[in-house]
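Just a sequence and a predicted model for now, questions to come.
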Amino acid sequence: MTEPAPSRPSPGPSSWWSALPPLAVAGLFVAGFFGFVRLNGLAAPGLREYGSDWFDHVPGREAQLMLALVFLAGPAAIALTLALARAAGAQLTALAARAATRPRLVVAGAVAFAILASLLVATFATQHAPLTDDEQIYRFQVGLLRDGLLAGPQPPSQPPFMSQFIVFKGGNWTGVYPWGHVALLLPGAWLGYLHLWPHLAAGLAVLLSYLLARELWPDDRRAALIAAVFVATSPFLAFTAATLHNVTSSLVAVTAGAFFLTRAVRRRSFLWAALAGLAFGFELHARIFNGVAIGAACGAVALGAALKQRLGLRIIARLVAGVVVGILPFLLLYLYINWRLTGDALQQLATVDLARRDRHMFGFWPRKQTAYNFAHTPVLAFGKTGTNFLRLALWSAGSALSLAGVGALLCGLRRRASDLVVLVPVVALLGAYYFFFTSPVYDTGPVYYLDALPFLALASARAASTLADRGDSARRHLVAGHLALVLTAAVTFWSMMGLAVHHVSDSILGPYRAVARAHIRHAIVWWNPPPNFRSWVMTRRLPHYTLRDDVIFAKDSNGKAPILAAFPDRATFAIRYPDGVHPVVMKWSPGSDPDLAPIVEPLPAGPTK
């Protein structure tokens, strides 16, 4: 006779009763979190009012939110872990064990979740608004590439369209950003949804993280699944993939490069080495600095692994040749684009203006010699690195406990010393940006560092998998802990950051909405976005390079006359902020501001004190 299948474990009354105290504690901490938020007005617009150096300072209100996440949301997650482990630990562990027997289904679900999460954030939080000037320039460059161009004939006057990210050269104008990411945005432009690629990139990042973990630790499939879930549930990935930022392309390229390179060494394959070279070569056309930093780190680790395995000089030379063959096409294309746009194959378009003014983005220079007058000394650089590491830690999983697994791995919770190699790319990226003159914008996280996310997830997953081998109790608390972290982050971090980004996107979209409400057609709208208003600069939509837009938004600056002469049939309007907050569209004439007459409904009443 066959033995009957074991019944599913069910929590007894004592389990539920023992779970009530930590559950009550978790509830009290969450209540304290939102009470703190309300008391300090952290849900109001302007959470991030950047300091004098824009991004390097942590504003007071955001610092308060960080403290609340550490000292209120963090303990709530710990207490909820205990409650879940006591009340349903066995059931959760059994569910996780059954899921592990269907790895393809789990990975597919994680991929779908990442795509859906970024789509929801884009719809309800960022509202598809360009949160940075970078995103406006991508749109401009997509218009060029759509017509098969790298640069187009410049407008009749430059000042109304000037930007630090636009270059006028040889009678043409173009954007300064690498073209690989722009090319990936192009299919979305054809289909009428420009954010298509960033959403897909979120899913690819999850899949590639899983494949990389499988290749690194073929005997530990559990770690690969945990890594995929970690990446999929990261608010950093969801919020950044809700924008057009080129770091999404960079994330896919470097993670794919690391996977291909790992497989090349393990299988001693020239083909996989060439694919790794292609991935890192493409990174030259996404985020070259990230590609050099992480590519060099991965290359050093791969070389060390090859030497440790005693593959021999012949095999190592073949692998190196494969990487070189893969990189070469994109390197030649990179040099060609530089030559076409600047006349010098070694001159990046982004550095043309900086070189002319003796300004620098890398290294330590006096304030007057950095790109935007930001002080950058070795001591300040340590401060910026520490600040961005703090932001990275909080954004990775939306909790003060985000990097608990990384800390555990460093403290010895690992299967072998070589597990630490997954942190080498993270150290390389942080080390490289130590020399960069400023921090990234961070309405959706410290975007320059998104490439570190898969490697941090792998480190945490390896530590978690090692812990899971230590018995049923460890597995119960591990599964309950991750679920508690995700739930707590959803209630605290995701909600607060979503609300903050929604306020930012509202302020950015305000002028466009005002123009739409006024039913303006076939017009020129003069507009000077106020810098650092409420949060990030209010980005001005650049027109199509042919100026064929129905409504052209242009800077309210010198050089209007040639534009007006070129478009005599267009009506002209101006955007003003009479109360300093709400944009109003006004009829424009070549007089002073008092001559402008508003054409939209009265401003909404402000809050009374």
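Noted; the coordinates are in hand.

low-scoring stretches of the stretch 151-300 of the chain, by residue?
Across the stretch 151-300 of the chain, nothing is flagged by pLDDT under 70.

what ranges do the strands span in it?
For the stretch 151-300 of the chain, applying DSSP state E, counting those that start in this stretch gives strands covering 152-153, 166-169, 172-175.

Now do the contacts for P160.
526, 554-557, 559-560, 563 (C-beta atoms under 8 Å, 6 or more residues apart in numbering). Where you see a C-beta, it was placed from the backbone N, CA and C, and this is true even at glycine.

hmm, try it at 7 Å
Contacts for P160 (C-beta atoms under 7 Å, 6 or more residues apart in numbering) come out as 554-555, 557, 559-560, 563.

Just the ones in helices from the residues you listed, please.
Among these, the ones falling in helices (DSSP state H) are 560, 563.

Out of the contacts of P160, the closest to G32 would be?
Using C-beta to C-beta, K555 is the member of these that lies nearest G32, at 46.7 Å.

Mean confidence (pLDDT) on the biggest helix by length in the chain, please.
Across the chain, the longest stretch assigned as helix under DSSP H is helix 313-342. Mean per-residue pLDDT for helix 313-342: 95.

Dump the next helix or strand after that helix to PDB, keeping only the CA atoms.
Next helix or strand after helix 313-342 toward the C-terminus (DSSP states H and E): helix 352-356. In PDB, the C-alpha atoms belonging to helix 352-356 read as follows (Å, rounded to 0.1, in the frame of the first residue of the first chain):
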ATOM      1  CA  VAL A 352      32.000  69.700 -27.100                       C
ATOM      2  CA  ASP A 353      30.700  72.700 -25.200                       C
ATOM      3  CA  LEU A 354      32.500  71.600 -22.000                       C
ATOM      4  CA  ALA A 355      35.800  71.500 -23.800                       C
ATOM      5  CA  ARG A 356      35.300  74.900 -25.300                       C
END
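
and helix 352-356, how far from the chain's centre?
Here helix 352-356 is found 27 Å from its chain centre; the criterion is C-alpha atoms, centre = their mean, to the nearest Å.

List of residues touching that helix?
167, 342, 360-361, 371.

re earlier: most neighbours, which of the contacts of P160?
A554 (25 neighbours; other C-beta atoms under 10 Å).

ok, back up a step: tell me which of the strands of the stretch 151-300 of the chain sits most buried.
Most buried of the strands of the stretch 151-300 of the chain by mean neighbour count (mean count of other C-beta atoms under 10 Å) is strand 172-175; its value is a mean of 22.

Run me through the strand neighbours of it, direction for each.
strand 152-153 (antiparallel), strand 166-169 (antiparallel) (DSSP bridges).

what number of residues lie near G386?
Neighbours of G386 using other C-beta under 10 Å come to 11.

how about the nearest residue to I115 once chain neighbours are set aside, what does it touch?
Of all residues beyond its chain neighbours, the one nearest I115 is G203 (4.4 Å), with distances taken as C-beta to C-beta, 6 or more residues apart in numbering. G203 makes contact with 111, 114-115, according to C-beta under 7 Å, 6+ apart.

So which of these sit within helices?
Among the contacts of G203, the subset assigned to helices under DSSP H consists of 111, 114-115.

Compare those residues and tell me which is most surrounded.
The member of the ones in helices among the contacts of G203 that has the most neighbours, counting by other C-beta under 10 Å, is A114 with 27 neighbours.

And the contacts of stretch 287-300?
By C-beta under 7 Å, 6+ apart, stretch 287-300 touches 178, 246-247, 250, 253-254, 257-258, 261, 280, 283-284, 424-425, 428-429, 432, 451.

Please list only the buried members of those residues.
When neighbours are counted using 16 or more other C-beta atoms under 10 Å, the contacts of stretch 287-300 contain these buried positions: 178, 246-247, 250, 253-254, 257-258, 261, 280, 283-284, 424-425, 428-429, 432, 451.

returning to what we had before: want to throw the contacts of G203 into TSV with pLDDT and distance to G412?
Converted to TSV, the contacts of G203 look like this (pLDDT from 0 to 100; distance: C-beta to C-beta, whole Å):
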residue	pLDDT	distance to G412
V111	98	32
A114	98	31
I115	98	36
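
ok, so of these, who is nearest A321?
Nearest to A321 among the contacts of G203, counting by C-beta to C-beta, is V111 at 33.6 Å.

Tell me the spacing between the closest one and T233.
Remark: distance between V111 and T233 (C-beta to C-beta, to the nearest Å) = 12 Å.

Just give me the neighbour total for H522.
Every residue meeting other C-beta under 10 Å relative to H522 is counted, giving 12.

which ones are touching it?
550, 570-571.

What of D550?
D550 touches 521-522, counting by C-beta under 7 Å, 6+ apart.

gap between it and Y210?
Counting by C-beta to C-beta - D550 and Y210 are separated by 45 Å.

Next: R268.
Here the criterion is C-beta to C-beta. By it, R268 lies 23 Å from Y210.

Compare those two (neighbour count), which wins?
Legend: neighbour count by other C-beta under 10 Å for R268 and Y210, higher for Y210 (30 against 16).

contacting residues around the more buried one?
Contact analysis of Y210 by C-beta under 7 Å, 6+ apart lists 107, 224, 227-228.
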